[in-house]
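In: whatever this is, show me its structure:
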Amino acid sequence: MRFMVLRKADASTEAGVTPGPELIDAMGRYNQELVKAGVMRAGDGLKPSAAGTRVRYQNKKFTVIDGPFSETKELIAGFSIIEAKSKQEAIELLKRWPAVDGGGAVELELRQIYELSDFPVDASEKPDGWRENEQRWREQEQKQEPADRPARKPGTTRFLVMIRADARSESGQLPGQEVLSAMGALMDDMLKAEAVLGGEGLKPSKLGARISFRGGKASIVDGPFAETKELIAGYTLVQLASRAEAIAFAKRWLEVHALLDDGQGHGGEIEIRPLFELEDFPLTTEQRAVFDGLAADLGRAKEA
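Out: Below you'll find the model as predicted:
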């Protein structure tokens with residue numbers, strides 16, 4: 001089972017405070033342990049919401065809103081992708097989160113990722129359709145050497161593009177063939193442009209959990225979570241030349257999402273956040289070597 005781990009934002013991350021040497025060392029060691037154990041697949045930090053953008057789609061009209069955004073406790077400061085045999089096993093891994101982060105006051109959200117096997121084969125599916133394209137992309141990604149997967153193409157910025165949950169996604173209702181085919185066509189265009197680095201749908205929050213750390217102790221709350229409009233239903237990690245290109249991608253995604261509405265005009269919302277890169281941090285030579293090694297290990301882990 002794969003899970004997305006969302007590190008919630010706080011006043012420090014929203015202020016753009018870069019982590020100090022102690023936190024950089026602690027997170028580097030923790031991530032290395034997960035990679036060597038074969039459970040970590042990806043992970044990155046997000047720049048503050050002041051650098052972000054939201055795109056809303058309602059009644060066939062788009063609204064673009066620049067950050068910062070006020071609801072700090074529901075914003076995301078970072079994410080990782082891990083594998084575990086169960087939700088409980090994933091929770092046990094997260095209980096080891098470095099206590100130095102956030103002064104020991106951190107909240108993590110754990111969300112299970114959809115797999116291809118979760119989508120029943122439909123009689124209307126066409127040969128070489130969205131399912132085959134998705135499988136082909138996953139197999140291609142796994143076969144690539146780490147050196148073939150640069151963190152970022154020259155001249156581009158990496159963005160995490162997150163679509164908000166709604167009543168339908170929280171109910172666990174799967175999209176129909178029209179939506180899956182349309183989304184497959186969009187992703188195929190982005191893949192041909194070498195713009196996509198990853199992306200998945202998240203299962204309802206009732207299958208997730210939140211892990212809160214206070215005073216060095218972890219407390220666990222199982223989903224579902226009430227604030228649906230602030231939950232994430234899926235994400236795409238892209239590398240694009242500009243914020244404008246990221247907004248254009250978000251608009252296309254929202255138009256696909258609108259196919260779920262059956263003409264009711266409920267719309268949707270996407271948040272776009274640029275990622276931190278290593279050059280954004282004051283790393284020592286030793287720390288940079290650790291993170292470079294971690295990136296290589298992550299590449300090898302994907303092949304395993």
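In: now the helices: where do they sit in the stretch 51-200 of the chain?
Out: Remark: helices assigned in the stretch 51-200 of the chain by DSSP state H, counting those that start in this stretch are 87-94, 130-143, 167-171, 177-192.
In: mind putting these into TSV with mean neighbour count, distance to Ile113 and mean pLDDT?
Out: Every residue, glycine included, has its C-beta placed from N, CA and C. Shown next, in TSV, are the helices of the stretch 51-200 of the chain (neighbours: other CB atoms under 10 Å; distance: least, CB to CB, whole Å; pLDDT from 0 to 100):
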stretch	mean neighbour count	distance to Ile113	mean pLDDT
helix 87-94	18	11	98
helix 130-143	14	12	65
helix 167-171	16	13	93
helix 177-192	17	16	89
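In: so which of these comes closest to Thr72?
Out: Nearest to Thr72 among the helices of the stretch 51-200 of the chain is helix 87-94; the distance by CB to CB comes to 20.9 Å.
In: send the alpha carbons of that closest one over as PDB?
Out: Presented in PDB, the C-alpha positions along helix 87-94 are these (Å, rounded to 0.1, in the frame of the first residue of the first chain):
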ATOM      1  CA  LYS A  87      -2.100   2.000   7.700                       C
ATOM      2  CA  GLN A  88      -0.900   1.000  11.200                       C
ATOM      3  CA  GLU A  89       2.600   0.200   9.900                       C
ATOM      4  CA  ALA A  90       2.700   3.600   8.200                       C
ATOM      5  CA  ILE A  91       1.700   5.300  11.400                       C
ATOM      6  CA  GLU A  92       4.500   3.500  13.300                       C
ATOM      7  CA  LEU A  93       7.000   4.800  10.700                       C
ATOM      8  CA  LEU A  94       5.600   8.400  11.200                       C
END
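In: so which of the helices of the stretch 51-200 of the chain is nearest Thr53?
Out: Of all the helices of the stretch 51-200 of the chain, helix 177-192 sits nearest to Thr53, with 17.9 Å by CB to CB.
In: among the helices of the stretch 51-200 of the chain, which is nearest His257?
Out: Shortest distance between His257 and those, using CB to CB, is found for helix 177-192: 7.7 Å.
In: ok, residues contacting that closest one?
Out: 119, 122, 124-126, 129-131, 133-134, 137, 175, 196, 199, 236, 238, 249, 252-253, 256-257, 259-260 (CB atoms under 8 Å, 6 or more residues apart in numbering).
In: could you turn the buried ones of those into a PyMOL selection?
Out: Selection of the buried residues among those in PyMOL, burial being defined by 16 or more other CB atoms under 10 Å:
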select buried, resi 119+125+129+130+131+133+134+137+175+196+199+236+238+249+253+256+257+259+260
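In: mind checking which of the contacts of helix 177-192 land in strands?
Out: 196, 199, 236, 238 (DSSP state E).
In: look up how far Val106 lies from the closest residue to the third one other than its chain neighbours.
Out: Okay, so that is Thr236. Leaving aside its chain neighbours, Thr236 sits nearest to Gly199 (3.6 Å; criterion: CB to CB, 6 or more residues apart in numbering). Applying CB to CB, to the nearest Å, the value for Gly199 to Val106 is 25 Å.
In: now swap in Arg214 and tell me
Out: When Arg214 is compared with Val106 (using CB to CB), they lie 9 Å apart.
In: between the two, which one's more packed in?
Out: Using other CB atoms under 10 Å, the more surrounded residue of Arg214 and Val106 is Val106, with 21 against 11.
In: got a list of what the nearest residue to that one once chain neighbours are set aside touches?
Out: Closest residue in space to Val106, ignoring its immediate chain neighbours: Phe213 at 4.8 Å, by CB to CB, 6+ apart. Contacts for Phe213 (CB under 8 Å, 6+ apart) come out as 97, 99, 102, 104-107.
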